[in-house]
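[1] The following block contains a protein sequence and its predicted model.
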Amino acid sequence: MRAAEAHHRRTLPRWSRIVLGVVGAYLLIAYIVLPQLGEWKAQRHPDLIDGARLVHTAKGLPGDPLNLALVGSEEEVVRALIAADWRPADALSFRSSVRIAVDTVFDKPDPNAPVSNLYLFGRKEDLAFEKPIGNSPKERHHVRFWRSEQLDDGRPMWMGAATHDVGVELSRTTAEVTHRISPDVDAERDLLLADLNTANRVQRTRWIDGFHKELQGRNGGGDPWHTDGRLPVATLSTAPTQQADLTK
């Protein structure tokens, strides 16, 4: 009798076992099953099969779409973006994530707010720039660039993903502090090109039609995006030009 009573006392109440089971199932689905499904889907996304069209998160999930390319040396890219009034973004760290969260709450300007790392060609971005909007880092224009192995007239080509951040939130995939993007990535592409042309930093621009086969999708944070599928390739000038080429 005493043994039965002791066993009953050691057994968790039924409601506790149900709660633990639900929590365990959630952890299994959220942190093992769904990430594995996401990686499986990412590996079969048409843009990933046919070539570099999307960037990726550290877990290999689809990120933002590539939507422009610049041709020029690293120095020319940096000088062009600064001349166009875009500023280098800080590297992401725990400290910078806390800073951006605090600055967002208090509407404090942060012209060098960090960007999260995304990957292309097996590495994170080589360069990152942003253009602040208002007094809070929760909204801004920003772009990441990766140097490709491809050359254009003997000059390096930089693949870029430009997006418009419209808010700060916890990532639905990593739980990290991150930005929510506007779905219209073409508008951000066009804005950056217009800024470079206004700064007289573009020699010419050619457009690749049908660069994207998939014209809509979601990035690693779950934010939707859409595009007309075209990729502009802007050749940068070595010095400011008097007449910018706005031809599309």
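    Right, received. Where do you want to start?

[2] From residue 141, how far out is residue 187?
    Distance of residue 187 to residue 141, given as C-beta to C-beta, to the nearest Å: 10 Å. (C-beta placed from N, C-alpha, C; glycine too.)

[3] ditto for residue 217
    From residue 217 across to residue 141, the span is 20 Å (C-beta to C-beta).

[4] cool, residue 123 as well?
    For residue 123, the distance to residue 141 equals 23 Å [C-beta to C-beta].

[5] Also residue 150?
    On the measure of C-beta to C-beta, residue 150 and residue 141 end up 26 Å apart.

[6] okay, residue 187 and residue 141: which has more neighbours?
    Ranked by neighbour count (other C-beta atoms under 10 Å), residue 187 and residue 141 place residue 141 first, with 20 against 15.

[7] picking that back up, what do residue 187 and residue 141 both touch?
    residue 164 (C-beta atoms under 8 Å, 6 or more residues apart in numbering).

[8] residues contacting the nearest residue to residue 155 once chain neighbours are set aside?
    In space, and not counting its chain neighbours, residue 155 is closest to residue 71: 5.1 Å by C-beta to C-beta, 6 or more residues apart in numbering. Listed by C-beta under 8 Å, 6+ apart, the contact partners of residue 71 are 152-153, 155-158, 233-236.

[9] out of those, which are inside strands?
    Among the contacts of residue 71, DSSP state E puts 152, 155-158, 233-236 in strands.

[10] between the residues you listed, which is nearest residue 164?
    Set against residue 164, the nearest of the ones in strands among the contacts of residue 71 by C-beta to C-beta is residue 234 (18.8 Å).

[11] could you check the distance from the closest one over to residue 194?
    Residue 234 is 11 Å from residue 194, where distance means C-beta to C-beta.

[12] who has more neighbours, these two?
    Comparing residue 234 with residue 194 by other C-beta under 10 Å, the one with more neighbours is residue 234, at 26 against 14.

[13] Now for the more buried one: which residues touch it?
    Here residue 234 is in contact with 68-71, 193, 196, 202, 204-205 (C-beta under 8 Å, 6+ apart).

[14] if we can go back for a sec, will you turn the ones in strands among the contacts of residue 71 into TSV that also has distance to residue 224?
    TSV is the format used below for the ones in strands among the contacts of residue 71 (distance: C-beta to C-beta, whole Å):
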residue	distance to residue 224
152	31
155	35
156	32
157	28
158	26
233	26
234	26
235	32
236	31
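
[15] Buried ones among the residues you listed?
    156-158, 233-236 (16 or more other C-beta atoms under 10 Å).

[16] how about those in CSV, adding distance to residue 118 and pLDDT?
    Formatted as CSV, these follow (distance: C-beta to C-beta, whole Å; pLDDT from 0 to 100):
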residue, distance to residue 118, pLDDT
156, 19, 95
157, 18, 96
158, 14, 97
233, 20, 96
234, 21, 97
235, 25, 97
236, 23, 97
